[in-house]
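Pasting the sequence and the predicted model now:
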Protein chains: 2
Amino acid sequence: MNRKRLIIIGGDAAGMSAASQAKKRNKDLDVLVLERGDYISYAACGMPYMVSGVIKDPDSLLILTPEKARANRGIDVRTRHEVVSVDLKNCSVTVKAGKGIGKAMGKMMGKGQGDEARTFEEHYDGLVFATGARPRLPAAKGINLEGVMVLRDFADGLALKDRRDVKDVVIVGAGLVGLEMAESFRRLERNVTMLKRSDGPLLDMDPALSELVEQELVRNGCVLLKGSPLEEMVGDDSGKVVAVRAGGETRRADLVLLATGVAPNSEPAREAGLKLGVKDTIAVNEHLATSHTGVFAAGDCVSQIHRVSHKEVFVSQALAANRSGKIAGANVAEYLSGGNQFSTHPGTMATVLTKVFDLQVGTCGLTVNEAKAAGFETGFTWIKQHSRSHYYPGGSPLFVGLVYERKTGRLLGGQIVGKEGGAKRLDVLVTALSAKMDLETLSRLDLSYCPPYSPPWDPVLIAASIALKSI
Amino acid sequence: MNRKRLIIIGGDAAGMSAASQAKKRNKDLDVLVLERGDYISYAACGMPYMVSGVIKDPDSLLILTPEKARANRGIDVRTRHEVVSVDLKNCSVTVKAGKGIGKAMGKMMGKGQGDEARTFEEHYDGLVFATGARPRLPAAKGINLEGVMVLRDFADGLALKDRRDVKDVVIVGAGLVGLEMAESFRRLERNVTMLKRSDGPLLDMDPALSELVEQELVRNGCVLLKGSPLEEMVGDDSGKVVAVRAGGETRRADLVLLATGVAPNSEPAREAGLKLGVKDTIAVNEHLATSHTGVFAAGDCVSQIHRVSHKEVFVSQALAANRSGKIAGANVAEYLSGGNQFSTHPGTMATVLTKVFDLQVGTCGLTVNEAKAAGFETGFTWIKQHSRSHYYPGGSPLFVGLVYERKTGRLLGGQIVGKEGGAKRLDVLVTALSAKMDLETLSRLDLSYCPPYSPPWDPVLIAASIALKSI
């Protein structure tokens, strides 16, 4: 019997989830994962804590190794194998393998590209693109200077952890990576300056909630410069970064972290002729099928349908990568077996949760700006409540913000900031959003009460009740 | 203009919520609250922590005083005013007031009833019963002995706090009050024995989850005797309790806490001719209207509709008392103004959340037994997951159990036990239950992820996925 061959391009969360799920569905599949880097399936979201030393052992972030993938799951994983082109007509990929392959950013910055690579072709019956995303680098002078770094690959994390000689860190960008690395660098007692291009709120939250996070950064010794677009990074004679120019000012820096978002790695897909979607993602339908039969895509290289606006959005999320990989793996296995029972992707609630020093910060659904852009007549209400019964010691203020449609009272989004009880309360809003609840329905939930964990009227209920009065 | 008079019987959570809401809706109402005890509107759920000393100042549990209610809300509150009968035909109540009035349990046990009370009548235009519930006492000898106590009224809490001479405590009952007082007494370094009538699991949870709570009790030095119905309390010559006989054994006790549930205070309502509902609650419709026009009831003296089974149930909950009081207050004000825009009560999800030493313990919806009794072909799945990403320090196991209908996969109930992240994760299940989600929908939620707070696949998602495989 001729075994069918599934090739998966990329061996991180989405790729390994796809490989594992396909193999689980059909153990007779010959599954080959081609990963251009040195590592597969690492816990990217753990890296800020690995850099700071909160997580002692970097290896604990490595969920799977090629050896384990082969031994336990029967998956053939090859690292330092880069797919340089895909021939959709002939069902083959061209692979460059060997020393010097790897590190997306290194390549982009013109460093490192080895010359000892060999090139060969591999045939496939089914193909999954799980090529992920790469840092979206600002167009500024000095980007190739030593000490200008990113945090995306595991190797990036290790490199950041190795930089022990650093005193002055400038972080460009105040998104999740910027916020989490600010905490990490402060823990390492570095001087931290954060540059935020716009002068708008953090994470597109309501200004009142953003202000709390900004205060937390300042309270913990970070300098946050809003409305400070990066102009240039300045190096010394040896090519090391020594300063950053931004917003008309020059600041000392012996490490610059570029944390200005990510862009999907869709070049090989585009060059092969696959249709692209929003923000240069690989276009997929709800089965994660691309525009070419038998070819699927998953993870940070694809877009998702927003569950509130139903628009195609590009959101980089760990759960989404795992989930879409699993679905793509199931569906490519279904395709290869000739079936048509395809799993569907539920889309994204754009759920964001992060820790900023002592604060739990989360958003979900649409922000006010997004809701307006999606055409909703938008209302926003935020409340401050105590996280516990007022008389129970140890509580702290919890801030809950609700975005809603004025006309119908339908919940459109949620924002939570607080020291305790915020993280998973966010998921109450995610669940309510998924059920298309309106404010009244939300206000009538029988949420739990126990003095150490909550006041009798949970802050979510209070927020919904108060928002109700404004519609 | 003749002001309309609203009388509210009972000045605790439901009564004061009703009074405040009615006054808010119509400031011309003459609102009179008649409370037979000494205190109004106290935080009953905080009392175990007040007894243990976690909450230093007992007065912090007093949310409202009669003086404040009058000054800030324009409500006339009379304590030590007991309504002994209601004449529905003539719209009047007979009130006994003065020294000696109060303390439900005292009365039941034949103690204290003073003779200096005066009796008078009060007319009303609208009436709300918010008479609450009282401890349901076991039929056992020795119930009047000194040292046999309950925890229901604020005065009970103060009395328990005052008992400093105690060494051996026997708690009869292992419900919420029993569990929380076990922790409180251990914190006070008492020897604690808990008697549980049946040998079934705690809180009707799945045995696997109950076992975790039982271990937590034992680990903290409690003796838990299951299948040990109370037989008798033994006193010395002075009438002080010295021992308890249960399950054929005798155990030393200088304090016995009877925590065997509550019964609604529906006697005056029944005697007045109002219809009763399940478990002798005052029967009400979804507007909290009783069987007599213009008479409403709220709080622990009424039943609620279970939002999953749609059956009438008797559940004593703080939020429900507040919420139903608010609704009854709004509706009686509406009735008195001649309108018919009545608010409806959303019913109960029977949400229970408690702290048992270091464990957060919660249930919602239907238990397996309740689901079976309600006619569902019932499935149950529980999982153990880490509360954080496995590599992030400080996490602990979190147990999530799901009750569901086998045929449809509809979620029917949830159970959570864990040291962190359990309390408000329960509310995700409450929200999902309220939206009538099935396991598949639950498994597809975009729940939040951040290594310090959650693994990428939240335990709720894992539980739903695993449960899905069994239907």
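Cool, the structure landed.

Flag every buried residue along the one helix or strand A:Thr441 maps to.
A:Thr441 belongs to helix A:439-443 when assigned by DSSP states H and E. Within helix A:439-443, the residues scored as buried using 16 or more other Cβ atoms under 10 Å in any protein chain shown are A:439, A:441-443. All C-beta spots, glycine's among them, are computed from the backbone N, C-alpha and C.

With stretch A:394-403 instead?
A:395, A:398-403.

in the stretch 1-150 of chain A, which spans are helices?
Using DSSP state H, counting those that start in this stretch, the helices of the stretch 1-150 of chain A run over A:13-25, A:47-52, A:66-73, A:104-108.

hang on, the earlier thing: now the buried residues of helix A:439-443 as TSV including pLDDT?
Putting these into TSV (pLDDT from 0 to 100) gives the following:
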residue	pLDDT
A:Leu439	98
A:Thr441	98
A:Leu442	98
A:Ser443	98
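
Those residues: which ones sit near chain B?
Filtering the buried residues of helix A:439-443 for proximity to chain B by Cβ under 8 Å from any Cβ of the partner chain leaves A:Thr441.

just the buried residues of helix A:439-443 now: which is nearest chain B?
Closest approach to chain B among those (Cβ to the nearest Cβ): A:Thr441, at 7.3 Å.

pretty sure that closest one is touching B:Ser434, no?
Yes: the criterion here is Cβ atoms under 8 Å, and A:Thr441 meets it with B:Ser434 at 7.3 Å.

how about the strands in the stretch 51-200 of chain A?
A:76-78, A:81-87, A:92-97, A:118-123, A:126-129, A:133-135, A:148-149, A:168-172, A:191-196 (DSSP state E, counting those that start in this stretch).

Check these for me and report the most buried one.
strand A:126-129 (a mean of 29; mean count of other Cβ atoms under 10 Å in any protein chain shown).

And for that one, what's in contact with it?
Strand A:126-129 is contacted from outside by A:4-10, A:15, A:18, A:22, A:86, A:91, A:93, A:266, A:268-269, A:274, A:282, A:290, A:294-298, A:301-302, A:328-329, A:332-333, A:335-336, using Cβ atoms under 8 Å, 6 or more residues apart in numbering or on different chains.

Go again with 6 Å.
A:6-9, A:18, A:269, A:282, A:294-297, A:301, A:328, A:332, A:335-336 (Cβ atoms under 6 Å, 6 or more residues apart in numbering or on different chains).

List phi and psi for A:Asn220.
phi -100, psi 20 (degrees, to the nearest 10).

Not counting sequence-adjacent ones, nearest residue to it?
What sits nearest to A:Asn220 in space, not counting adjacent residues and going by Cβ to Cβ, 6 or more residues apart in numbering or on different chains, is A:Phe357, at 4.7 Å.

Compute the distance between A:Glu232 and chain B, please.
34 Å (Cβ to the nearest Cβ, to the nearest Å).

where does that residue land in three-state SS?
strand (DSSP: H, G, I helix; E, B strand; the rest coil).

hang on, isn't it packed against A:Ala243?
No: taking Cβ atoms under 6 Å as the definition, A:Glu232 is not a contact partner of A:Ala243, at 8.9 Å.

Looking at those two, which is more packed in?
A:Ala243 (20 against 14; other Cβ atoms under 10 Å in any protein chain shown).

about what we covered before: so which of the helices of the stretch 1-150 of chain A is the most packed in?
helix A:13-25 (a mean of 27).

Can you spell out which helices and strands pack onto it?
Under the contact criterion of 3 or more Cβ pairs under 6 Å, 6 or more residues apart in numbering or on different chains; DSSP states H and E, helix A:13-25 touches strand A:5-9, strand A:30-34, helix A:318-336.

What is the second one packed up against?
By that I understand strand A:30-34. Using 3+ Cβ pairs under 6 Å, 6+ apart: strand A:30-34 touches strand A:5-9, helix A:13-25, strand A:76-78.

circling back: which of the contacts of strand A:126-129 sits closest to B:Gly375?
A:Ala328 (40.4 Å; Cβ to Cβ).

For the closest one, report the pLDDT, please.
pLDDT, A:Ala328: 98.

Assign A:Thr293 to helix, strand or coil.
A:Thr293 ends up coil, using three-state DSSP.

What's the local residue count around it?
Neighbour number of A:Thr293 under other Cβ under 10 Å is 9.

Quick check: phi and psi at it.
Per-residue torsions, A:Thr293: phi -50, psi 130 (degrees, to the nearest 10).

and the gap between it and chain B?
Applying Cβ to the nearest Cβ, the value for A:Thr293 to chain B is 26 Å.

And A:Thr94, by the same measure?
For A:Thr94, the distance to chain B equals 33 Å [Cβ to the nearest Cβ].

Give me the spatial nearest neighbour of that residue, chain neighbours excluded.
Leaving aside its sequence neighbours, A:Thr94 sits nearest to A:Ser85 (Cβ to Cβ, 6+ apart; 4.5 Å).

Quick one, grab the pLDDT at that neighbour.
Reading off the model, A:Ser85 has pLDDT 97.

you'd agree it is up against A:Val95?
No: A:Ser85 is beyond contact range of A:Val95, at 9.2 Å (criterion: Cβ under 6 Å).

Would you map out the domains in chain A?
Per automatic domain parsing, the domain ranges recorded for chain A read A:5-135+A:262-336, A:148-258, A:358-468.

Output those domains in JSON lines; the columns should cover distance to B:Ser448.
Output for the domains of chain A, formatted as JSON lines (distance: least, Cβ to Cβ, whole Å):
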{"stretch": "domain A:5-135+A:262-336", "distance to B:Ser448": "8"}
{"stretch": "domain A:148-258", "distance to B:Ser448": "12"}
{"stretch": "domain A:358-468", "distance to B:Ser448": "5"}
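
And the residue of the stretch 1-150 of chain A that's closest to chain B?
A:Ser60 (4.0 Å).

what about A:Arg245, neighbour count?
Neighbour tally, A:Arg245, other Cβ under 10 Å: 18.

cool, and A:Gly299?
A:Gly299, neighbours per other Cβ under 10 Å, totals 33.

Where does the prediction get shaky in chain A?
By pLDDT under 70, the weakly predicted segments of chain A are A:1, A:100-116.

change it to 80
In the predicted model of chain A, residues A:1-2, A:99-117 satisfy pLDDT under 80.

Now stretch A:3-18 - C-alpha only, CSV.
What follows is stretch A:3-18 as a C-alpha-only set of coordinates in CSV (Å, rounded to 0.1, in the frame of the first residue of the first chain):
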residue,chain,number,x,y,z
ARG,A,3,1.3,5.7,2.1
LYS,A,4,0.1,9.2,1.5
ARG,A,5,2.5,11.9,2.4
LEU,A,6,1.6,15.0,4.3
ILE,A,7,4.1,17.9,4.4
ILE,A,8,3.8,20.6,7.0
ILE,A,9,5.8,23.7,6.6
GLY,A,10,6.7,25.0,10.0
GLY,A,11,7.1,23.1,13.3
ASP,A,12,5.8,25.5,15.9
ALA,A,13,2.5,25.5,17.7
ALA,A,14,0.3,25.3,14.6
GLY,A,15,2.5,23.0,12.6
MET,A,16,3.1,20.5,15.4
SER,A,17,-0.6,20.6,16.3
ALA,A,18,-1.5,19.9,12.7
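
Okay then, goodbye and thanks.
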